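Asks: what would the 3D arrangement of this be:
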Amino acid sequence: MKTSPKQKKILYFAGEDWAFCLHRLPLARAAREAGHDVVVVTRVRDHAAPIKQAGLRLIPLEISRGGMRPLQEINTLLNLLKIYRAERPDLVHHVAIKPVLYGSLIAALTGVKAVVNALTGMGFLFTSQSLRARLLQPPVELALRLLLNRRGSRVIFQNRDDFDALIAKNIVARDNARLIRGSGVDIDAFSPSPEPAAIPVIVLPARLLWDKGVGEFVTAARLLKARRVQARFALVGDRDAQNPAVVPQEKLDAWRAEGVVELWGWRSDMAQVYRECHIVCLPSYREGFPKVLLEAAACGRPLISTDVEGCREAVAHNRSGLLVPVRDAEALAGALADLIAHPARRAAFGAAAREIVVGELSLPVVIARTLAVYAEVMPY
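Replies: Numbers count the residues shown, from 1 in each chain. Coordinates of the predicted model:
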């Protein structure tokens with residue numbers, strides 16, 4: 001497709017259509033509204049419609065996030081090479097580690113001059129203590145070092161910890177690194193509401209993965225129930241079968257049978273979920289910048305999370321919520337008990353959480369900062 005002299009072609013490459021819609025669709029729509037031709041390359045399952053309805057061209061690409069079958073990966077790279085050669089984008093924006101690695105390699109081979117890589121969190125590879133993860137980390141770090149520092153390249157980090165760590169390791173040159181916290185929150189769609197007049201409800205909204213702290217959440221719920229604390233605990237999300245850290249279905253069935261937590265499944269109406277709860281909890285092992293916490297904050301809900309990368313920037317300790325040590329179910333239970341028992345404190349934390357999001361983390365703020373990075377490498 002030909003573009004006018006002022007119009008540029010921007011290609012987004014993300015691993016999953018649902019993740020693109022959740023985190024990058026408003027940005028891509030803003031790029032289109034700015035006059036650019038926007039193409040989205042991703043694994044397509046159930047979210048093609050909103051991408052096309054936004055006026056974006058969608059190119060399906062089969063990519064496995066969790067697998068490393070050599071023939072399958074080579075086929076993915078060859079198909080991606082065909083797409084980049086056919087589309088000849090002026091700028092590519094890669095989201096998450098695998099698209100960053102594969103997309104940056106293909107961009108170099110096809111001569112794409114402007115490359116923006118979004119490292120949204122270091123994921124299973126950098127959170128797991130498994131042998132597989134430890135073996136893969138050194139070659140992945142080397143590949144990132146070779147691919148992320150081309151002329152015309154920028155790397156967007158979502159939290160200060162990852163920003164500082166990759167610069168300290170000489171994986172990313174400081175001049176190429178940019179810090180943009182989160183992917184933005186629609187502060188109109190996610191708006192404050194009074195707490196329900198009912199027994200306190202605590203939700204953990206995330207994919208059902210061990211490294212989201214699901215096990216610690218269930219253990220904390222079990223401890224509080226044993227202490228006769230009156231509260232309900234709910235997991236809101238689906239299993240992610242491709243992720244090595246997925247919680248087995250039989251474990252979920254056992255928790256349900258025990259009655260320790262409720263399983264609400266995946267919900268498309270997360271604003272309503274936050275209206276139905278009193279506290280939002282994400283005891284994750286590591287995050288980029290967790291959008292669920294920001295959306296909950298925009299709804300005026302107090303937050304409880306872990307003092308780890310990403311989470312510590314999303315929660316202002318003793319202002320918008322509480323931070324606890326990672327993998328510490330007892331400390332988590334203590335923080336939950338504190339907020340369950342003190343509705344006035346919940347209200348104060350929730351009001352501060354909303355204020356922080358409105359001032360620093362709304363969609364217009366994040367989109368403007370990202371488009372400014374585009375302008376650095378792709379002058380208008």
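Asks: only C-alpha atoms for contact and neighbour calcs from this point on.
Replies: Noted.
Asks: enumerate every residue touching the residue nearest to the spatial centre of the chain.
Replies: For the chain, the residue nearest the mean C-alpha position is Pro290 (5.4 Å; Cα atoms, centre = their mean). The contact partners of Pro290, by Cα atoms under 8 Å, 6 or more residues apart in numbering, come to Gly182, Gly310, Cys311, Ala314.
Asks: and the second one, what does it touch?
Replies: In other words, Gly310. Gly121, Gln158, Asn159, Arg160, Asp161, Arg286, Glu287, Gly288, Phe289, Pro290.
Asks: of those residues, buried ones?
Replies: In the contacts of Gly310, burial by neighbour count holds for Gly121, Gln158, Asn159, Arg160, Arg286, Glu287, Gly288, Phe289, Pro290, counting by 16 or more other Cα atoms under 10 Å.
Asks: returning to what we had before: dump the contacts of Gly310 into CSV; add pLDDT as well.
Replies: Compiled in CSV, the contacts of Gly310 are given as follows (pLDDT from 0 to 100):
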residue, pLDDT
Gly121, 67
Gln158, 92
Asn159, 90
Arg160, 91
Asp161, 90
Arg286, 89
Glu287, 90
Gly288, 85
Phe289, 90
Pro290, 93
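Asks: out of the residues you listed, which is nearest to Ser191?
Replies: For Ser191, the closest of the contacts of Gly310 turns out to be Pro290, at 17.7 Å, with distances computed as Cα to Cα.
Asks: for that closest one, give its distance to Ala331.
Replies: Between Pro290 and Ala331 the computed distance is 21 Å (Cα to Cα, to the nearest Å).
Asks: again with Val38
Replies: Val38 sits 46 Å away from Ala331, taking Cα to Cα as the criterion.
Asks: neighbour-wise, which of these two wins?
Replies: Val38 (23 against 17; other Cα atoms under 10 Å).
Asks: local confidence estimate at the more buried one?
Replies: Reported pLDDT at Val38 in the predicted model: 98.
Asks: for the closest residue to it other than its chain neighbours, phi and psi?
Replies: Among residues not flanking Val38 along the chain, Ile10 sits closest, at 5.0 Å (Cα to Cα, 6 or more residues apart in numbering). Note on Ile10: its backbone torsions stand at phi -110, psi 130 [degrees, to the nearest 10].
Asks: beta partners for Ile10?
Replies: Val38, Leu91 (DSSP bridges).
Asks: ok so, going back, so which of the contacts of Gly310 is the closest to Ala297?
Replies: For Ala297, the closest of the contacts of Gly310 turns out to be Pro290, at 11.1 Å, with distances computed as Cα to Cα.
Asks: and the closest one, how close does it get to Pro138?
Replies: From Pro290 across to Pro138, the span is 26 Å (Cα to Cα).
Asks: can you lay out the contacts of Pro290 as CSV showing distance to Val261 and pLDDT?
Replies: Conversion of the contacts of Pro290 to CSV gives the following (distance: Cα to Cα, whole Å; pLDDT from 0 to 100):
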residue, distance to Val261, pLDDT
Gly182, 29, 90
Gly310, 26, 91
Cys311, 23, 95
Ala314, 25, 94
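Asks: so of the residues you listed, which ones are in helices?
Replies: Cys311, Ala314 (DSSP state H).
Asks: out of the contacts of Pro290, which is most surrounded?
Replies: Taking other Cα under 10 Å to define a neighbour, the member of the contacts of Pro290 with the most is Ala314, carrying 28 neighbours.
Asks: spit out the contact partners of it.
Replies: With contacts defined as Cα under 8 Å, 6+ apart, Ala314 is in contact with Phe289, Pro290, Leu293, Leu294.
Asks: who's in contact with the third one?
Replies: Read it as Leu293. Taking Cα under 8 Å, 6+ apart as the definition, contacts of Leu293 comprise Val280, Cys281, Leu282, Leu303, Ala314, Val315.
Asks: ranking these by neighbours, who comes first?
Replies: So for these (other Cα under 10 Å), the most neighbours sit at Leu303, 31 neighbours.
Asks: could you report the neighbour count for the closest residue to it other than its chain neighbours?
Replies: Distances taken as Cα to Cα, 6+ apart place Gly321 nearest to Leu303, at 4.4 Å, with adjacent residues excluded. If you count neighbours by other Cα under 10 Å, Gly321 ends up with 27.
Asks: check the gap between Gly321 and Gly300 for me.
Replies: For Gly321, the distance to Gly300 equals 11 Å [Cα to Cα].
Asks: just Val112 next, same as before
Replies: Per Cα to Cα, Val112 is found 43 Å from Gly300.
Asks: out of these two, which sits in the busier spot?
Replies: Neighbours were counted for Val112 and for Gly300 using other Cα under 10 Å; Gly300 has more, 31 against 19.
Asks: list the contacts of the more buried one.
Replies: Applying Cα under 8 Å, 6+ apart, the residues near Gly300 are Ser191, Pro192, Ser193, Ala347, Phe349, Gly350, Ala351, Ala352, Ala353, Arg354.
Asks: can you check Lys113 too?
Replies: Counting by Cα under 8 Å, 6+ apart, Lys113 makes contact with Asp90, Leu91, Ala107, Arg151, Gly152, Ser153.
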